[in-house]
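Student: predicted coordinates and the sequence they were generated for:
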Amino acid sequence: MPQFNPSAGTLVCVKARVWLTSVVRLRLENEDNVTISYVVHYLRDDVFSGPGISPNVTGSRNKDYGPYVLAPANGTTGSGPDYQFIGPDSVYNKLLYEVTTSNVVNYLGTGTVNFQYKSTVPTYATGSDFYTLTVNSVNKLDFDLTYSYCANSVLATNIKNFSASLIDKSNVSLEWTTVNESKNNIYEIEVSENGKQFENAGTIRAKPVNGTAAKYFYQYHSDQPAAGKLYFRLKQSAAGSARYSEIKSVTLSDEPLSLEKLSIYPNPVIRNLVLDFNTPVSGDYQVQLTNQVGQVVYVTRVKMNNSNTLQLQLNDPPVPGIYYIRAVNTSTNKALSGKVLFAK
């Protein structure tokens, strides 16, 4: 299948579909010297794999044929009362397998992309150990590949380094920077469950530094988190026109996240607090504090030097309530998070 040419736009996701038709024929012959009642057990496993597809798409089909009462072996192969021809039987008739992936790296280019299909059919008969069984399958596959992308003409070229990352099961951290920023720009954070239909999740007004650039943070909170993907994009609007960022996705899970947790004390806190990383860390860290509606109320950068604690002094503490703290190593993007209650 042809790859997606990046010059056409930003590839968001890829949907692969395969329709499988399979016709099976079986030949069963009794090799025993007595009459035997046989049942043939057809066991089939199908695996469809390709770039960015994880886990593989799998399917199975189990079917029994019979019983067949076969006479004692007559010494003639392929005929007589000791022989049974079964089929043709359509075990699959345009069975659809489909999968969508947002891991699109291997789909970009001007060449081709390859997929693999594998079928295993361990078929056997019961009734006696002395028999001959031949299985013949004819498989037909129809394949379709759909690219979903955003055309370059509608992309906001001044939005840089847009990222989305999980804080916990209910919260996603969104970050981006801009160049040649205009104070008239408005950023709408849009979210989707399928990567196609988006709805507004929040709004931030431009805040250019020295009239040219800015860095933005937003925390998205899901009131009803469920396992699956969430897709995010930014809508930049000004003077009646709109442009969009590329789309980023995160995967929500019913299982607890493997994100490392920050220990925070005292908790509740009034003004000053200590972050405990649990193990000594080194490097440049960005620490941000966000409220429950995703607004960033405090950001600082610190340099850690083989220390497992960090003291934060908030001269202007936020209003009382629950807040989320996230510390990110700016070199490795490794993140730690925690929750804190600010009291009066």
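Tutor: Noted; the coordinates are in hand.

Student: in the stretch 151-300 of the chain, which spans are strands?
Tutor: 159-168, 171-178, 186-192, 199-205, 214-221, 228-238, 241-244, 248-252, 260-261, 263-265, 272-290, 296-313 (DSSP state E, counting those that start in this stretch).

Student: what's the closest of the ones you listed to Tyr149?
Tutor: Comparing the strands of the stretch 151-300 of the chain by their distance to Tyr149 (Cβ to Cβ), the top pick is strand 241-244, with 11.7 Å. Every residue, glycine included, has its C-beta placed from N, CA and C.

Student: quickly list the domain ranges of the protein.
Tutor: 6-149, 155-252, 260-342 (automatic domain parsing).

Student: can you redo those as TSV with mean neighbour count and mean pLDDT?
Tutor: Listed next are the domains of the chain as TSV, based on neighbours: other Cβ atoms under 10 Å; pLDDT from 0 to 100:
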stretch	mean neighbour count	mean pLDDT
domain 6-149	15	91
domain 155-252	16	81
domain 260-342	15	86
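
Student: hmm, back to that, which of the strands of the stretch 151-300 of the chain sits closest to Asp144?
Tutor: Of the strands of the stretch 151-300 of the chain, nearest to Asp144 by Cβ to Cβ is strand 228-238, at 21.0 Å.

Student: which helix or which strand is home to Gly338?
Tutor: Per DSSP states H and E, Gly338 falls inside strand 335-342.

Student: and that strand, what does it pack onto?
Tutor: strand 159-168, strand 260-261, strand 263-265, strand 272-290, strand 321-329 (3 or more Cβ pairs under 8 Å, 6 or more residues apart in numbering; DSSP states H and E).

Student: adjacent strands (with direction) for the last one?
Tutor: With DSSP bridges as the criterion, the sheet partners recorded for strand 321-329 are strand 272-290 (antiparallel), strand 335-342 (antiparallel).

Student: about what we covered before: I'd like the helices and strands packed on strand 335-342 written out as JSON lines, with distance to Gly59 added.
Tutor: As requested, these are exported to JSON lines (distance: least, Cβ to Cβ, whole Å):
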{"stretch": "strand 159-168", "distance to Gly59": "31"}
{"stretch": "strand 260-261", "distance to Gly59": "38"}
{"stretch": "strand 263-265", "distance to Gly59": "46"}
{"stretch": "strand 272-290", "distance to Gly59": "43"}
{"stretch": "strand 321-329", "distance to Gly59": "41"}
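
Student: and Tyr231, which of these is closest to it?
Tutor: Of the helices and strands packed on strand 335-342, nearest to Tyr231 by Cβ to Cβ is strand 159-168, at 8.7 Å.

Student: who does the closest one touch, helix- and strand-wise?
Tutor: So strand 159-168, by 3+ Cβ pairs under 8 Å, 6+ apart, packs with strand 171-178, strand 228-238, strand 248-252, strand 321-329, strand 335-342.

Student: quick one: residues in contact with stretch 313-330.
Tutor: Here stretch 313-330 makes contact (Cβ atoms under 8 Å, 6 or more residues apart in numbering) with 167-168, 171, 173, 219, 262, 264, 270-273, 275, 277, 281, 283-292, 297-298, 301, 310, 334-344.

Student: if we can go back for a sec, closest to Leu26 out of the strands paired with strand 321-329?
Tutor: Closest of those to Leu26 is strand 335-342, at 56.6 Å (criterion: Cβ to Cβ).

Student: chain center to that closest one: distance?
Tutor: 26 Å (Cα atoms, centre = their mean, to the nearest Å).

Student: just stretch 50-61 next, same as before
Tutor: For stretch 50-61, the distance to the chain centre is 13 Å (Cα atoms, centre = their mean).

Student: endpoints of that stretch, how far apart?
Tutor: 22 Å (Cα to Cα, to the nearest Å).
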